[in-house]
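Student: What follows is a predicted structure for the sequence shown.
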Amino acid sequence: MLPWAIRCGTFAHAPTYLRQHVIEFCNSCGARVAHRIPEGDMLTRAVCDACGTIQYENPKVVVGCIPVRGDRILICRRAIEPRYGLWTLPAGFMENGETAAEGAMREAMEEAHAMVEIEDLYTVFSVPHISQVHMMFRSRLVNDDFRAGTESLDVRLVTAAEIPWNELAFTVVRRTLEHFLADRESGIFVPRFGDIRAPVR
Ligand SMILES: [Zn+2]
């Protein structure tokens, strides 16, 4: 299937998750941009006719980890939207200038004041309807000195039996935890990738 922008040719009736990304003004000269397919391209872009700049929008990378201490996993209860009050693994948008593993360590520190050692890449999920790629690492929680950061209401170390499956914030988190527990049972951790699609309404 062709991307939505090509099929429809306009953003006026775009689904909300596409519309919120529409660029109106040039980030180089400030002029209003046009949305069209540049010569030699295949997708609609924000094109500035005043200065010639084409603004490309590409997916964002979310990095996170499964902090493990003994047989328990550290989870965070979100103090921010989306999914306020639900539980997640520490994760967030990668910053410029850092590696994926550094970003995962930083997020654990920001959300849970947790010091982790990254062990290996574990799951990679594409989430195309919101243009994100999520990379989750296996990691070791270095000590018990953790507490809720500003983005968390609560932080806990939980056993597999204590994971609040009905109160998890994101599908990425649920599927990563499912893989992790199954692999821990078998004793072999296998990296996985998958796609998470928009729920059909
Ligand atoms: Zn411009």
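Tutor: Great, that's in hand.

Student: and the next element down the chain from whichever strand in the chain runs longest?
Tutor: Scanning the chain for the longest strand, with DSSP state E as the assignment, gives strand 116-127. The helix or strand immediately downstream of strand 116-127 is strand 132-141, counting by DSSP states H and E.

Student: can you map out the helices along this structure?
Tutor: 4-8, 16-19, 100-112, 171-186 (DSSP state H).

Student: Gln132 and Val63 touch, don't they?
Tutor: No: under the criterion of Cβ atoms under 8 Å, Gln132 makes no contact with Val63, lying 10.8 Å away. No exception for glycine: its C-beta is placed from N, CA and C like everyone else's.

Student: out of these two, which sits in the more crowded spot?
Tutor: More neighbours sit around Val63 than around the other of Gln132 and Val63, counting by other Cβ atoms under 10 Å; the figures are 27 against 16.

Student: For the more buried one, which non-adjacent residue is closest in space?
Tutor: Distances taken as Cβ to Cβ, 6 or more residues apart in numbering put Gly103 closest to Val63, at 3.9 Å, once the chain neighbours are dropped.

Student: Would you check that the one you found makes contact with Asn96?
Tutor: No: here Gly103 does not reach Asn96: they are 10.2 Å apart, not a contact under Cβ under 8 Å.

Student: between the two, who's got more neighbours?
Tutor: More neighbours surround Gly103 than the other of Gly103 and Asn96, with 23 against 4 (other Cβ under 10 Å).

Student: ok, and for stretch 51-64, which residues are buried?
Tutor: Using 16 or more other Cβ atoms under 10 Å as the test for burial, stretch 51-64 gives 53, 62-64.

Student: try stretch 63-73
Tutor: With burial defined by 16+ other Cβ under 10 Å, the residues of stretch 63-73 counted as buried are 63-69, 73.

Student: Likewise for stretch 140-155?
Tutor: Neighbour counts over stretch 140-155 (16+ other Cβ under 10 Å) mark 141, 146, 148-149, 151-152, 155 as buried.

Student: my guess is Ile23 meets Val33, correct?
Tutor: Yes: contact status for Ile23 versus Val33: in contact at 5.9 Å, counting by Cβ under 8 Å.

Student: Between those two, which has more neighbouring residues?
Tutor: It is Val33, of Ile23 and Val33, that has more neighbours when counted by other Cβ under 10 Å, with 23 against 17.

Student: wait, doesn't that one sit right on Val22?
Tutor: No: Val33 lies out of contact with Val22 (Cβ under 8 Å); the separation is 9.4 Å.
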